[in-house]
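Undergrad: Could you look at this predicted model? Sequence included:
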Amino acid sequence: MAENHVALLLTPEGWELLSSLPPYDPAEALSLGRSLREEGHSPALVAAALTQQRLRARATAKFGPFAQQMLFTAESLEQATRLTVSAHHAARYVAAGVAKVADLGCGIGGDAVALAGLDLPVLAVDRDEATAALATINLMPFPHASVECADALEIDLVERGVDAVFADPARRAEGRRIADPEQWSPALSQVLALRETVPALGVKVAPGIDHAALPTDSHTQWVSVDGDVVEAAIWCGPLAPEGPGRSALVLRSEAGGASAHTLVDTDAADPSQPPVQVDPIASPDDLGSIIHVPDGAAVRAGLISHLCQALSARPVGPRIGYLTGEDLANEATAPFVRSFRLTEVLPLRLKTLRGRARELGVGSLEILKRGVDVSPDALRSSLRLSGRESETWVLTRAGEKAKGVVLVVEPIVSDSPTDSPTPPDDGASSGD
């Protein structure tokens, strides 16, 4: 159905209608659709144009002003790389001095747009005909970019003058994520084998990939955008100037632009090795006055021990990413943690929490949690919040015996523009 809608827009009438539409306004969508049908446009074409208009409005968060000249399906938009991330991908290729990049499994062309935008010749390849058609439209502004509908592994890279590859294997089947990299399409091992022909290889992978699946001589970087972990990528050969290892790239939106901060674990030269585990505090009585919530990219990258050392901190519980100590984050560590001052420790019991909320008149409650099977939304509903006071609670397990606790904390306000919420979930969000 989605493919048919896009096909209608690729006709002269469809493209002209889409180009004539005003910016998307949900309050006006019904009346606009009615007026367009009254003007003689077919209901199917009107539906396709309005759907595309709505998708472009959503896509602005990923592609900025480029979105208004691109075509999407709902699924392709969800899986597309954000432009802020793909720009960092493209910068690696420029720094490596490559001549031509093959974007294998290009999807709608998000990464290819970033590469071509830096004047790199790009061959974008996708085996799905409808997806390749979208990529062709989206890359039209770049004469040095071409699109082919083909199997990524059947392209003769040397014959095409390609000296660098970016690959994005399909990691979903029937709407579900595939955890095993060897079940991806193509399999991770097949993609990594391309290094025998083209050493400059980058591979986008799932953030939850098992470290043991990473090639030992590569550099793998996890990326978060405004606290949301969106991807990991394996970089090989000249695309990995950091050398073998793991790192976290934290991107934050700020007034007037964006910031980028990288945390590299210089002690982990082999990315396939399991992260070093740090012993947690012995009991909740050993909690320090400061609670640090690491960015999810640092958690996924296995950099907890690195942060513990830099912050003179320890995990609050076994395999828990929250850290505790007495030291505040400094300029080097602040981009990678959100810090709080601990004011009280409560048992994780509904009766106790409900009594506190009622007694203090808590009406607004921020809940962060890790390592406990509690839904923040369900807890808020059970507390029957009513009042003007606000609090922040951290639900977790503390001490060697992993006792469930609620840490009542106060955010530590800093002048640093890097202060930003970290998602209140177990581990980190998992993007594609």
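TA: Good, I have the coordinates. Numbers count the residues shown, from 1 in each chain.

Undergrad: mind listing what residue 53 touches?
TA: Going by C-beta atoms under 8 Å, 6 or more residues apart in numbering, residue 53 touches 18, 21, 24. For glycine as for every other residue, the C-beta is placed from the backbone atoms N, C-alpha and C.

Undergrad: swap that for residue 316, sorry
TA: 280-281, 287, 291, 322-324, 396-399, 407.

Undergrad: Top of those residues by number of neighbours, please.
TA: Neighbour tally across these (other C-beta atoms under 10 Å): the maximum, 30 neighbours, falls on residue 398.

Undergrad: thought it was touching residue 282?
TA: No - checked against C-beta atoms under 8 Å, the pair residue 398 and residue 282 is beyond contact range at 9.8 Å.

Undergrad: Any stretches of this structure with poor pLDDT?
TA: Within the chain, the stretches with pLDDT under 70 are 1-4, 255-256, 414-432.

Undergrad: residue nearest the centroid of it?
TA: residue 230 (1.1 Å; C-alpha atoms, centre = their mean).

Undergrad: Check the offset of the helix or strand containing that one from the chain's centre.
TA: Using DSSP states H and E, residue 230 sits in strand 228-235. Here strand 228-235 is found 7 Å from its chain centre; the criterion is C-alpha atoms, centre = their mean, to the nearest Å.

Undergrad: again, but for stretch 264-271
TA: 22 Å.

Undergrad: for stretch 100-111, same thing?
TA: Counting by C-alpha atoms, centre = their mean, stretch 100-111 comes out at 18 Å from the chain centroid.

Undergrad: Need the phi and psi values for residue 21.
TA: Dihedral pair for residue 21: phi -70, psi 150, per degrees, to the nearest 10.

Undergrad: again, but for residue 390
TA: phi -130, psi 150.

Undergrad: again, but for residue 62
TA: phi -100, psi -40.

Undergrad: count of neighbours near the closest residue to it other than its chain neighbours?
TA: Once flanking residues are discounted, residue 62 sits nearest to residue 82: 4.6 Å by C-beta to C-beta, 6 or more residues apart in numbering. If you count neighbours by other C-beta under 10 Å, residue 82 ends up with 21.

Undergrad: Ok, residue 155 next?
TA: Quick note: residue 155 (other C-beta under 10 Å) scores 18 neighbours.

Undergrad: swap in residue 334?
TA: Residues near residue 334, counting by other C-beta under 10 Å, number 19.

Undergrad: Kindly report the same for the one 5 residues further on.
TA: Taking other C-beta under 10 Å as the neighbour definition, residue 339 ends up with a count of 22.

Undergrad: Likewise for residue 151?
TA: For residue 151, the neighbour count with other C-beta under 10 Å is 12.

Undergrad: What sits closest to it if chain neighbours are left out?
TA: In this structure, residue 151 finds its nearest non-sequential neighbour in residue 127, 5.1 Å apart by C-beta to C-beta, 6+ apart.

Undergrad: list the contacts for that neighbour?
TA: Listed by C-beta under 8 Å, 6+ apart, the contact set of residue 127 reads 149-152.

Undergrad: Likewise for residue 293?
TA: Taking C-beta under 8 Å, 6+ apart, we find residue 293 in contact with 321-323, 337-340, 368, 394, 422.

Undergrad: With residue 235 instead?
TA: Per C-beta under 8 Å, 6+ apart, neighbours of residue 235: 92, 201-202, 218-221.

Undergrad: before we move on, back to that, quick one: which of the contacts of residue 127 sit in strands?
TA: Applying DSSP state E to the contacts of residue 127, the entries found in strands are residue 149.

Undergrad: helix/strand/coil for residue 342?
TA: Here residue 342 is recorded as strand under DSSP: H, G, I helix; E, B strand; the rest coil.

Undergrad: Bridged to it, which residues?
TA: residue 409 (DSSP bridges).

Undergrad: wait, doesn't it sit right on residue 322?
TA: No - taking contacts as C-beta under 8 Å, residue 342 lies outside contact range of residue 322: 10.8 Å.

Undergrad: Between these two, which contacts overlap?
TA: residue 291.

Undergrad: Between the contacts of residue 316, which sits nearest residue 413?
TA: residue 291 (14.7 Å; C-beta to C-beta).

Undergrad: any idea how far that closest one lies from residue 276?
TA: 21 Å (C-beta to C-beta, to the nearest Å).

Undergrad: any chance you could map the strands in the stretch 251-400 of the chain?
TA: If DSSP state E, counting those that start in this stretch is used as the criterion, the strands of the stretch 251-400 of the chain fall at 257-264, 290-294, 314-315, 323-325, 337-347, 362-369, 389-398.

Undergrad: What strands line up against the third one, and which way round?
TA: Sheet pairing of strand 314-315 (DSSP bridges) gives strand 323-325 (antiparallel).

Undergrad: From the chain's centroid, how far away is the partner strand?
TA: 26 Å.

Undergrad: Over to stretch 252-263?
TA: That offset, for stretch 252-263, works out to 14 Å (C-alpha atoms, centre = their mean).

Undergrad: now the end-to-end length of it.
TA: From the first residue to the last, stretch 252-263 extends over 14 Å; the measure is C-alpha to C-alpha, to the nearest Å.
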